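# this is a predicted model, with the sequence first.
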Amino acid sequence: MPEVTFADISAARQRIANYVRTSELMTSALLNHWLGHEVLFKTECLQRTGAFKLRGALNTLLHARQQKQSIKRVVASSSGNHAQAVAYAASLFNIPVTIFSAQNISKIKAAATRSYGAELRLFPLRDDADIAVEQAAQEPGTLWIPPFNHPDVIAGQGTVAAEIFEQTSDVNAIFMPCGGGGLASGSLIAARHNSPQSNVIACEPLAGNDAAQSLRLGSIQRLTTPAKTLADGAATPAVGEHTYPIIQQLDGFYEVDERQIAYWTQWLQHLLKLHIEPTSAMSMHGVVNYLAQQNSPQKVVVILSGGNIDAQKMQQIWQDDHLIHQPSLPNAPLASVI
């Protein structure tokens, strides 16, 4: 397997520079006061298509075009944000695109995917969609852009962290969600090059903890049933053979239950006044458990990976009022999986 390096991330930044936004860093003075540390937020929820996924999709497509590949159609399998990213990227070059997805795809993400001109094919399970896209990719002139398990995708996602280390300094740790591991892998590579002393820590829904189980057991584990979680952007069945060796080098990894996912989604939407996905917000569970174990003031950065939420998901998030409980550091912090 080809190794992804920081040189690949730098090349990706050059390729995608004219097509993506350099998302801003935000903070909440009130949250910083409550926690006693500085927490910055990388606002990829304001990225074009509403998520960081555009970076990896564009880099893969643009790299293929640079290599003079004959691309007559683009295909991908995705639960939502990657689908939108691939559809938008292909539309920039008037390339037909077909997205394969499970029937439980978020309605708003499905509608957005179609709005970019993609054909959307739905299957009972994510595994069925993955099999179908693999078959479709065999057709001549077809470019398959995986959601995470591809060197160009990992390099594209790594541009998020590369920007962070140009936007701020003295970062003690960066946090991000982990589904298939593309963002976590790219972030680790960028951090090790730009700021080796910075910890790179990922979070995953407990209800879909294939990555955590893989890290515990030392080999890739696959979910046997679809994950039922608010963090649908991280509900992948398994990490990939490209991402797994990289996420094994992470400095921390936390599992997050559904109550904590809803809690932090409510609080970040309230404090930052942004439309933030549960997948993004769950990283705060890792943040507070990490900070509770530190003996000095910390500066951490949380990657807000996306902001695409449908009405049904929003109702689930706000079913209980978590804003009556002010954020604080836990007295008995949870241990990292690794």
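Good, I have the coordinates.
# quick check: phi and psi at the closest residue to S305 other than its chain neighbours.
With sequence-adjacent residues excluded and distances taken as CB to CB, 6 or more residues apart in numbering, S305 is closest to S280, at 4.7 Å. Glycine gets a C-beta too; all of them are placed from N, C-alpha and C. Main-chain torsions, S280, degrees, to the nearest 10: phi -70, psi -50.
# for the protein, what spans make up the strands?
25-27, 38-43, 73-77, 97-102, 119-123, 142-144, 173-177, 199-205, 252-256, 299-304 (DSSP state E).
# quick one: these as a markdown table, columns for distance to A12 too.
Putting those into a markdown table (distance: least, CB to CB, whole Å) gives the following:
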| stretch | distance to A12 |
| --- | --- |
| strand 25-27 | 20 |
| strand 38-43 | 17 |
| strand 73-77 | 18 |
| strand 97-102 | 20 |
| strand 119-123 | 27 |
| strand 142-144 | 16 |
| strand 173-177 | 17 |
| strand 199-205 | 18 |
| strand 252-256 | 25 |
| strand 299-304 | 16 |
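# and those, which is most packed in?
strand 199-205 (a mean of 28; mean count of other CB atoms under 10 Å).
# farthest residue from the center of this structure?
What lies farthest from the middle of the chain is P140; by CA atoms, centre = their mean that is 30.3 Å.
# confidence score at that one?
We have a pLDDT of 95 for P140.
# the one 4 residues further on too?
For W144, the pLDDT comes out at 98.
# what's near enough to touch the nearest residue to N81 once chain neighbours are set aside?
Spatial nearest neighbour of N81, excluding adjacent residues (CB to CB, 6+ apart): A51 at 3.9 Å. Residues in contact with A51 (CB atoms under 8 Å, 6 or more residues apart in numbering) are E44, C45, N81, Q84, A85, G233, E277, S305, G306, G307, N308.
# pLDDT at A51, what is it?
97.
# measure it to Q326 for me?
29 Å (CB to CB, to the nearest Å).
# ok, now Q14?
44 Å.
# what's the answer for D170, then?
27 Å.
# circling back: list the contacts of the residue farthest from the centre of the chain.
K72.
# now do the helices in the stretch 51-200 of the chain.
Assigned by DSSP state H, counting those that start in this stretch, the helices in the stretch 51-200 of the chain fall at 53-66, 81-91, 107-115, 126-136, 151-167, 182-194.
# now do the same contact list for the residue lying closest to R126 once chain neighbours are set aside.
Spatially, and ignoring its direct neighbours in sequence, R126 is nearest to A102 (4.4 Å; CB to CB, 6+ apart). Contact analysis of A102 by CB under 8 Å, 6+ apart lists S79, L122, F123, P124, L125, R126, D128, A129, P226.
# so A102 bridges to which residues?
For A102, the beta-bridge partners are F123 (DSSP bridges).
# how many residues are close by T229?
22 (other CB atoms under 10 Å).
# gap between it and L54?
Counting by CB to CB, the gap between T229 and L54 amounts to 23 Å.
# got it, and T236?
In terms of CB to CB, T236 sits 18 Å off from L54.
# same question, K313
21 Å.
# all helices for the stretch 201-338 of the chain, in order.
210-217, 244-247, 258-272, 278-281, 283-291, 311-317.
# of all the ones you listed, which one is nearest V160?
helix 278-281 (12.0 Å; CB to CB).
# could you name the helices and strands sitting against that closest one?
Packing partners of helix 278-281 (3 or more CB pairs under 8 Å, 6 or more residues apart in numbering; DSSP states H and E): helix 258-272, strand 299-304.
# quick check: which of those is nearest to T159?
T159 lies closest, by CB to CB, to one member of the helices and strands packed on helix 278-281: strand 299-304, at 11.5 Å.
# got the CA positions of the closest one in CSV?
Provided in CSV are the C-alpha atoms of strand 299-304 (Å, rounded to 0.1, in the frame of the first residue of the first chain):
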residue,chain,number,x,y,z
LYS,A,299,-5.0,24.9,24.0
VAL,A,300,-7.0,22.4,22.0
VAL,A,301,-8.6,22.5,18.6
VAL,A,302,-11.8,20.6,17.7
ILE,A,303,-12.5,19.9,14.0
LEU,A,304,-16.3,20.6,13.5
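# shaky segments in this protein?
1 (pLDDT under 70).
# what residue spans form the domains of it?
Per automatic domain parsing, the structural domains of the chain span 6-52+151-317, 53-144.
# just put the ones you listed in TSV and tack on distance to L334.
Shown next, in TSV, are the domains of the chain (distance: least, CB to CB, whole Å):
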stretch	distance to L334
domain 6-52+151-317	5
domain 53-144	27
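# closest one to A335 among the ones you listed?
Going by CB to CB, the one of the domains of the chain nearest A335 is domain 6-52+151-317, 8.2 Å.
# now D257: closest residue in space, sequence neighbours ignored.
In space, and not counting its chain neighbours, D257 is closest to L206: 4.9 Å by CB to CB, 6+ apart.
# check K228 too.
Nearest residue to K228 in three dimensions, chain neighbours excluded: A207, at 5.7 Å (CB to CB, 6+ apart).
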